[in-house]
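Chemist: below are the sequence and a predicted model for it; my questions follow.
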Amino acid sequence: MTFSIAARCPRTGQLGVGALTARPAVGKLVAHVRSGVGAVATQATPNPFLAYDGLPLLGEGRSPQDVLTGLLARDPGREVRQVGMVDRRGHSHAFTGSRTRDWTGHHTGPGYTVQGNRLVGPQTLAEIVRVFEDSRELDLAERLMLAIEAGEEAGGDRQGARSATVTVSGDEPYPLWDVRVDDAEDPARELRRLLGVFREEVLPAIRRMPTRDDPMGEAARQALGVTPPAAAPTKHPW
């Protein structure tokens, strides 16, 4: 009932998931991202523990293939699961159970994994991959949005779409992007609109929030009238 892409940006190290489905609330059910660790999309008959248990294992340095192989071996419902996983180094792995609904399959590449079930055919994933690979100069959120639009235009879900999401994690534990359409007649179009709103009105506020390196944050500093700390003097070798 879904197609999704889990990916890492090689320029920024950002991690994210983009997805579209014929059911409501795909952002709640499918997308899981942890800053500096990895991204997971779990779908078909979702098992969120593939993400909740898998992300900590990625954080220990294990590969996506090793993590998914171990978790799926202990999942009695694995043949109706579909999952894609990418880690902070861009290694990726995916699994499609033998009893997920046709057309079903996945494709992995450097820094991404694309998967879908109950699609019109393999051309949906092929177009997602093409657009994602051809947009390397753009930021990850935009690349995920383009991938969603490409998948829908190529046929997408056989029963139409109801929800869509783009979530991206940057350097901090909280998401850099978290844009969701939980139920709409044209979720890809609404997601595109909300992405523009988020970029203009929300993203600047997020960039002014506290960080690990700046516990006050620019927004609080401005509200309190605090002068930013002076930059440390440059040390010259002479």
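Modeler: Perfect, thanks for sending it. Computed from a predicted structure; not experimentally measured.
Chemist: so who does P122 touch?
Modeler: Each residue near P122 by Cβ atoms under 8 Å, 6 or more residues apart in numbering is listed here: 103, 105. All C-beta spots, glycine's among them, are computed from the backbone N, C-alpha and C.
Chemist: show the pLDDT at it.
Modeler: As predicted, P122 sits at a pLDDT of 94.
Chemist: need phi/psi at it.
Modeler: When read as degrees, to the nearest 10, the backbone of P122 gives phi -70, psi -20.
Chemist: residue numbering should commence at 309 henceforth.
Modeler: Happy to do that; since the first residue is 309 now, the last one works out to P430.
Chemist: next one: it from T412, what distance?
Modeler: Per Cβ to Cβ, to the nearest Å, P430 is found 10 Å from T412.
Chemist: mind giving me the packing neighbours of the least confident helix or strand in the chain by mean pLDDT?
Modeler: Ranking every helix and strand in the chain by mean pLDDT, DSSP states H and E puts helix 334-337 at the bottom, with a mean of 90. Applying 3 or more Cβ pairs under 8 Å, 6 or more residues apart in numbering; DSSP states H and E, one finds that helix 334-337 contacts strand 323-329, strand 471-477, strand 483-489.
Chemist: check the offset of the second one from the chain's centre.
Modeler: Computed by Cα atoms, centre = their mean, to the nearest Å, the separation of strand 471-477 from the middle of its chain amounts to 6 Å.
Chemist: same check on the last one?
Modeler: Strand 483-489 sits 9 Å away from the centroid of its parent chain (Cα atoms, centre = their mean).
Chemist: next structured bit after that strand?
Modeler: helix 495-505 (DSSP states H and E).
Chemist: quick check: mean pLDDT across that following helix?
Modeler: Computed over helix 495-505, the average pLDDT equals 97.
Chemist: can I get the top helix by length along the chain as CSV, trimmed to CA atoms?
Modeler: Taking DSSP state H as the criterion, the chain has its longest helix at helix 448-461. C-alpha atoms of helix 448-461 as CSV (Å, rounded to 0.1, in the frame of the first residue of the first chain):
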residue,chain,number,x,y,z
LEU,A,448,17.7,16.0,0.9
ALA,A,449,14.2,17.2,1.7
GLU,A,450,13.7,18.5,-1.8
ARG,A,451,15.1,15.3,-3.3
LEU,A,452,12.7,13.2,-1.2
MET,A,453,9.8,15.4,-2.3
LEU,A,454,10.8,15.0,-6.0
ALA,A,455,11.0,11.2,-5.5
ILE,A,456,7.5,11.1,-4.1
GLU,A,457,6.1,13.2,-7.0
ALA,A,458,8.0,11.0,-9.5
GLY,A,459,6.6,7.8,-8.0
GLU,A,460,3.1,9.1,-8.1
GLU,A,461,3.4,10.3,-11.7
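Chemist: so where's the protein shaky on pLDDT?
Modeler: 309, 464-467, 537-546 (pLDDT under 70).
Chemist: which residues in it form strands?
Modeler: Ranges of strands within the chain are 310-316, 323-329, 339-342, 346-352, 389-395, 400-404, 413-417, 420-424, 471-477, 483-489, based on DSSP state E.
Chemist: what about the residue nearest to A458 when sequence neighbours are not counted, neighbour count?
Modeler: Of all residues not flanking A458 in the chain, V439 sits nearest, at 3.9 Å (Cβ to Cβ, 6 or more residues apart in numbering). V439 is flanked by 19 other residues according to other Cβ atoms under 10 Å.
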